[in-house]
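**Q** got a sequence here, can you build the structure:
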Amino acid sequence: MKSSMRTRLSLIFSGLLILIIACICAINVFLLPEFYENSKISQMKRVYSHAVNLCRNVDWVNLDEDVRDDVYDRLDILSSNSNVDIYVVQIEAYPASGDIATLHYVYPMENTKRLEEVTKEQLGKYVKAIYFGETLDDNCQILSQSQNCEVYKVYDDRVDSNYIELTGLLPDNYWLYLRTNYQSIHESTEVSNKFLMYVGVVAVVTGIFIMLFVSNQYTKPIMRLAKHAQDMQKLNFSSRYEDRRDDEIGILGDSMNALSDKLEETISELKTANNELKLDIQRRSEQEQMRREFLANVSHELKTPIALIQGYAEGLQDNINDDPESREFYCEVIVDEADKMNKMVKKLLNLNQLEFGNGQVHMEHFDLMDVLSSVVNSSEILFRQKEADLSFDRGDRKIFVWADEYMIEEVVTNYVNNALNHVKYEKKIEIKAELRDETVRVSVFNTGDPIPEEDLDKIWNKFYKVDKAHTREYGGNGIGLSIVKAVMEAHNQGYGVCNYDNGVEFWFELDIKIR
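**A** Coordinates of the predicted model:
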């Protein structure tokens, strides 16, 4: 990462620290000398005030020894604590020239000849300036002047050093002379700035490490938040921000977790809605396809009987055959074809009601064996016509089931008719009812040709015919098994077909207990 937050924070912190140090150095160069000088002047005036208080009302000629020692001790303490040399001297000057005639040290008592000469020289300048108005030389500059004292900045070329000196008058020609070393402020500034640079380098290096450490405490959680956001972008909502913090990052993390949950919920709802929409579109497409196929198949199925009815009716109308037997045959064909059309329309209406949920299932508790027996008895003449060998052993059994009795009778009838229409070879038809736990399985088997495997799933579709020529022979229209499918799905029960070497078996199941 070329410009990470850690790097930027460290650079900003270092830049600020360097700027602060540079500002301090600039202040040292431009403002410190004046501040230093004013501080020295204020210090000298404070020392002068204290010294004046100590020397006031002191009779230096007739001074008692104990009192003198006490005054000297206090002046020593004041001089030591303030780092200011204090002198109390008595001066007698020549009236005409202002030159000092005599100089007598009162404090300190001990002094050297050299010190006396220096003091006498300096005080001589001040006496001439104060009393005779003479101009001070270039090495002496007045800094502050009041009624009681004057403060000077003095360069002593003997020792190549600057001093702040203060002179003040006491009674009886006694003078208070204060002197303190005034180190070159430029030298002090250079030393201070050099020290600041050393400290600054250490502070910058240390600050960078500290800032890197501190910034890690914030950048790492932010990177985890970024990773969490990337996972959300990839729709991976199992990712969570786990850190527990009480600051703004913690609040942001909780908000992102809540956002992730909400997005997951919303996307789930959208996917569900989208899936339902796709299914609805698919259902509508299938319904439209079914509608087209239905119209095509109905048109096809009705075309032949309508053509027959129309042809035979026109024959009757034109008196093609005048004999009664021919007319009777024409009428029988018309009635038979009309009956087929009527049955097919009824089946289609019944199937339509079942498929669209309009056919209500009325649950009843009835004896299934009675229904099977009723269908077998009503189809007895058909068994004789087909010369089929029926195997159905009812005995004295009673099997009570929960279902719609009318609809189940329709299913059994369709299975039996289907068996009669396709029975071959040995011409055996077997109807069985087999108990299984909480259900009963009814099966109808007929000997004949097995159904091709590729057609097993298609035979339940409307108008689907495995052998169209054979179906036309017995007047089938491919609706019966579709009705079976609709009825059993309305009951939420199983149904199906099994191929055997010698025939085909159709079956369905019903509940024998209340669930």
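
**Q** the helix or strand hosting N446 pairs with which strands, parallel or anti?
**A** Under the criterion of DSSP states H and E, N446 resides in strand 439-447. Neighbouring strands of strand 439-447 in its sheet, by DSSP bridges, are strand 428-436 (antiparallel), strand 503-511 (antiparallel).

**Q** now those in JSON lines, with mean pLDDT, mean neighbour count and distance to D160?
**A** Every C-beta, even on glycine, is put in place using the N, C-alpha and C of the backbone. Shown next, in JSON lines, are the strands paired with strand 439-447 (pLDDT from 0 to 100; neighbours: other C-beta atoms under 10 Å; distance: least, C-beta to C-beta, whole Å):
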{"stretch": "strand 428-436", "mean pLDDT": "93", "mean neighbour count": "16", "distance to D160": "125"}
{"stretch": "strand 503-511", "mean pLDDT": "94", "mean neighbour count": "20", "distance to D160": "124"}
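
**Q** turn the ones you listed into a markdown table, including distance to P324.
**A** Shown next, in a markdown table, are the strands paired with strand 439-447 (distance: least, C-beta to C-beta, whole Å):
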| stretch | distance to P324 |
| --- | --- |
| strand 428-436 | 39 |
| strand 503-511 | 44 |
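
**Q** for S379, find the nearest of these.
**A** For these, proximity to S379 was assessed by C-beta to C-beta; strand 428-436 is nearest, at 9.7 Å.

**Q** would you map the helices across the stretch 301-450 of the chain?
**A** For the stretch 301-450 of the chain, the helices defined by DSSP state H, counting those that start in this stretch cover 324-355, 368-378, 380-386, 405-422.

**Q** ok, now the stretch 1-150 of the chain?
**A** 5-30, 32-55, 65-82, 113-131.

**Q** closest to E92 out of those?
**A** With C-beta to C-beta as the measure, helix 113-131 is the member of the helices of the stretch 1-150 of the chain nearest E92 (10.3 Å).

**Q** how far does stretch 330-338 sit from its chain's centre?
**A** Mean-position distance between stretch 330-338 and its chain equals 77 Å (C-alpha atoms, centre = their mean, to the nearest Å).

**Q** for it, buried residues please.
**A** Neighbour-count burial for stretch 330-338 flags 330, 333-334, 337 (criterion: 16 or more other C-beta atoms under 10 Å).

**Q** from F195, how far off is V201?
**A** Computed as C-beta to C-beta, to the nearest Å, the V201 to F195 distance reads 11 Å.

**Q** ok, now which ones touch L9?
**A** Applying C-beta atoms under 8 Å, 6 or more residues apart in numbering, we find L9 in contact with 211, 215.

**Q** just M488 next, same as before
**A** Contact analysis of M488 by C-beta under 8 Å, 6+ apart lists 411, 494-495, 508.

**Q** and the least confident of those?
**A** Among the contacts of M488, V411 carries the weakest pLDDT, at 90.

**Q** assess the claim that that residue and V484 are in contact.
**A** Yes: with contact defined as C-beta atoms under 8 Å, V411 and V484 form a contacting pair (5.1 Å).

**Q** the more surrounded of the two?
**A** A direct count of neighbours by other C-beta atoms under 10 Å for V411 and V484 places V411 higher, at 29 against 25.

**Q** let me know the pLDDT of R327.
**A** For R327, the pLDDT comes out at 73.

**Q** coming back round to it: in CSV, list the helices of the stretch 1-150 of the chain along with mean pLDDT.
**A** As requested, the helices of the stretch 1-150 of the chain are exported to CSV (pLDDT from 0 to 100):
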stretch, mean pLDDT
helix 5-30, 78
helix 32-55, 84
helix 65-82, 86
helix 113-131, 62
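
**Q** out of those helices, which is closest to D367?
**A** The minimum distance between D367 and the helices of the stretch 1-150 of the chain falls on helix 5-30, with 83.3 Å, by C-beta to C-beta.

**Q** buried residues in the closest one?
**A** With burial defined by 16+ other C-beta under 10 Å, the residues of helix 5-30 counted as buried are 6, 9-10, 13-14, 17, 21, 25, 28.

**Q** and the pLDDT at E438?
**A** For E438, the model assigns a pLDDT of 87.

**Q** only alpha carbons, please: show stretch 70-79 as CSV.
**A** Below are the C-alpha coordinates for stretch 70-79, written out as CSV (Å, rounded to 0.1, in the frame of the first residue of the first chain):
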residue,chain,number,x,y,z
ASP,A,70,23.6,39.8,60.6
VAL,A,71,23.4,42.3,57.8
TYR,A,72,26.4,40.8,56.0
ASP,A,73,24.9,37.3,56.3
ARG,A,74,21.7,38.4,54.8
LEU,A,75,23.5,40.2,51.9
ASP,A,76,25.6,37.0,51.4
ILE,A,77,22.4,35.0,51.1
LEU,A,78,20.8,37.4,48.7
SER,A,79,23.9,37.6,46.5
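
**Q** which of the contacts of M488 sits closest to A433?
**A** Distances from A433 to the contacts of M488, taken by C-beta to C-beta, are shortest for F508, at 10.8 Å.
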